[in-house]
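Peer 1: sequence and predicted structure below; questions after.
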Amino acid sequence: MNMPAFHRLIGLLLVLGVAMPVAAQHTGEGSVYSRFGLGSRLDYASSQLQAMGGGGAGLFNLNYLNLSNPAAWSDQVLTRASGTVVFQRLRATDASGNTASLGSGALHAVQFSFPLRARRIGVGLAFRPYTRANYLVRTDARQIIPELSDTVQTRIDYAGEGGLQQLNAGLGLYLHPRLSVGVSADLIFGIIEHTQRTRFFDPELPGVIPSGYMSTLFATSTRMTGVRATVGLLLRLPTGTQGSDGVAVGLTVSTPTVLRATRVYTLGESLDRDTLGTTRRGDVHLPLSVALGVSYQQDNRWTLVVDGHYEPWSRFRSDLDFAGYDPNGENLFKDRLRLSAGLEYLPAGTDYSAPYFHQVAYRLGVFWEQAYVAPRPGVSLRTLALTGGLSFPTLFPGTRLDINLEVGTRGTTAHNLVRDTYYRIGLSVNVGERWFLQRRFN
């Protein structure tokens, strides 16, 4: 093992932790739509693909671990590790034109991969988000209490935090110059908490709590865990006169899975909460997931990807209720559909002696998504976004620094809903080195 490379890897990943002190924390500074279902559904394949629309099920790449398809893990030469942090700024607008600006940041994903046999068998490990709940909604109103002949100012804060994470582990296998297959086991786990905090104030004396009134905090905390399998295929079809030119088609299927869930209800004053009743347990059934992608690469300079992703959430079933889903009644969940396309241009190709800015990769992409949750019956929640990014080589061969940008809009102000306009900035460090070399003596 190359120890200097190992130290450099650890050092660069620590930079991400120092630069992101709020990593892995939730601040209530996300979309109000994340209160529905299990939270906002998130996708992450690699820092390269995030700048290219987020697809990539049909892409081979030596420089990144492609989480869109485990079959692509067979095509590895270097041991690789990467870490990604994301900063988001969101502007929410309601039907009356009122706006709110929110900001947040989080550690987004960590990846590690290595070849068991170069360009034949590769192993991949990753930690990334699956869903995220991160919102805060405040309502203020005057309330008349007839029994007390009194009027009070009521403030209710609805907040949510947490989400489900994925821990992926698997391998890719090269079967034929045209075909690779892969499989991964995906542990899905996490805690989602929703709270309702009610406070009372004297309407004539703002900030003063009237005598006889007590603030309350009601919360539900749901812990879930389960395992699913993902199977992938990648078919490579060379074209043109250049050996590096080619079209690849990829297909992945993630099996339906059952999450074991435990929910606890709590009620108390301020942060001193007492458990209510007994703990509820039940099963949460996640649907299958299917992705189909096509990529085209020309002379190691141009890369084009087009993808489609489908999840039949309309078949979602759960013993526990969620916003938008009642086991004994209404189900507002819809089938999730995501379409994306992206382009990368690397002027130098594989010429590592080219000028620096010829070795910078330039990326652009777009995606459209219909979310799996519906905030109202008969209403679909859609997102349209543009993505882009730059990938910079560093002084260390095999190591690149990626900066990505995503700008999009979600939802609508019709039907008394909210339209989100947001941008996200991602920073990733991708380290690659040859490890586990057998030393030879002359």
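Peer 2: Ah, there it is.
Peer 1: which residues of the stretch 201-350 of the chain score low on pLDDT?
Peer 2: Flagging of the stretch 201-350 of the chain using pLDDT under 70 yields the residue ranges 204-209, 211-212, 240-244, 269-277.
Peer 1: and if we set it to 50?
Peer 2: 271 (pLDDT under 50).
Peer 1: and what of the stretch 51-200 of the chain?
Peer 2: Filtered on pLDDT under 50, the stretch 51-200 of the chain yields no residues whatsoever.
Peer 1: mind running it again at 90?
Peer 2: Within the stretch 51-200 of the chain, the set of residues satisfying pLDDT under 90 comprises 61-62, 94-107, 136-155, 198-200.
Peer 1: list the buried ones in the helix or strand where Leu304 lies?
Peer 2: For Leu304, the host element (DSSP states H and E) is strand 302-311. Of the residues in strand 302-311, Thr303, Leu304, Val305, Val306, Asp307, His309, Tyr310, Glu311 count as buried by neighbour count, 16 or more other Cβ atoms under 10 Å. Placement of C-beta: from N, CA and C, glycine included.
Peer 1: columns distance to Gly378 on top of those, output as TSV?
Peer 2: Below are these laid out as TSV (distance: Cβ to Cβ, whole Å):
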residue	distance to Gly378
Thr303	40
Leu304	37
Val305	34
Val306	30
Asp307	28
His309	24
Tyr310	21
Glu311	20
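Peer 1: listing partners with orientation, what would you give for the next helix or strand after the strand holding Leu304?
Peer 2: For strand 302-311, the following helix or strand on the C-terminal side (DSSP H and E) is strand 317-318. Note on strand 317-318: by DSSP bridges, its sheet partners are strand 280-286 (antiparallel).
Peer 1: tilt between the partner strand and strand 302-311?
Peer 2: Note on geometry: by axes from the mean of the first three to the mean of the last three Cα atoms, to 10 degrees, strand 280-286 and strand 302-311 are set 130 degrees apart in direction.
Peer 1: same question for strand 280-286: list its buried residues.
Peer 2: If you call a residue buried by 16+ other Cβ under 10 Å, then strand 280-286 has these buried ones: Gly282, Val284, Leu286.
Peer 1: next up, phi/psi of the nearest residue to the first one once chain neighbours are set aside, please.
Peer 2: Spatially, and ignoring its direct neighbours in sequence, Gly282 is nearest to Asp319 (2.7 Å; Cβ to Cβ, 6 or more residues apart in numbering). According to degrees, to the nearest 10, the main-chain angles of Asp319 amount to phi -80, psi -20.
Peer 1: got the contact list for Asp319?
Peer 2: Residues near Asp319 by Cβ atoms under 8 Å, 6 or more residues apart in numbering: Ala261, Arg281, Gly282, Asp283, Val284, Pro327.
Peer 1: what do you get for Phe316?
Peer 2: By Cβ under 8 Å, 6+ apart, Phe316 lies in contact with Gly37, His285, Leu286, Pro287, Tyr325, Asn331, Phe333, Tyr372.
Peer 1: where along the stretch 151-300 of the chain do the strands fall?
Peer 2: Listed in chain order, the strands of the stretch 151-300 of the chain (DSSP state E, counting those that start in this stretch) span 179-201, 216-237, 246-254, 257-269, 272-275, 280-286, 289-298.
Peer 1: Leu417 is nearest to which of these?
Peer 2: Relative to Leu417, the nearest member of the strands of the stretch 151-300 of the chain by Cβ to Cβ is strand 179-201, separated by 19.2 Å.
Peer 1: same for that closest one, what does it pack against?
Peer 2: Applying 3 or more Cβ pairs under 8 Å, 6 or more residues apart in numbering; DSSP states H and E, we find strand 179-201 packed against strand 150-176, strand 216-237.
Peer 1: who does the last one pair up with?
Peer 2: The strands beside strand 216-237 in its sheet (DSSP bridges) come out as strand 179-201 (antiparallel), strand 246-254 (antiparallel), strand 257-269 (antiparallel).
Peer 1: just the first one next, same as before
Peer 2: Strand pairing for strand 150-176, using DSSP bridges, gives strand 121-129 (antiparallel), strand 135-145 (antiparallel), strand 179-201 (antiparallel).
Peer 1: now the ones you listed as JSON lines including distance to Val231 and mean neighbour count?
Peer 2: Below are the strands paired with strand 150-176 laid out as JSON lines (distance: least, Cβ to Cβ, whole Å; neighbours: other Cβ atoms under 10 Å):
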{"stretch": "strand 121-129", "distance to Val231": "14", "mean neighbour count": "20"}
{"stretch": "strand 135-145", "distance to Val231": "34", "mean neighbour count": "13"}
{"stretch": "strand 179-201", "distance to Val231": "5", "mean neighbour count": "19"}
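Peer 1: same list (the ones you listed) but as CSV, adding distance to Leu65.
Peer 2: Converted to CSV, these look like this (distance: least, Cβ to Cβ, whole Å):
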stretch, distance to Leu65
strand 121-129, 5
strand 135-145, 31
strand 179-201, 11
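Peer 1: and those: which comes nearest Asn416?
Peer 2: Closest among these, using Cβ to Cβ: strand 135-145, at 13.1 Å.
Peer 1: that's all I had, so thanks and see you.
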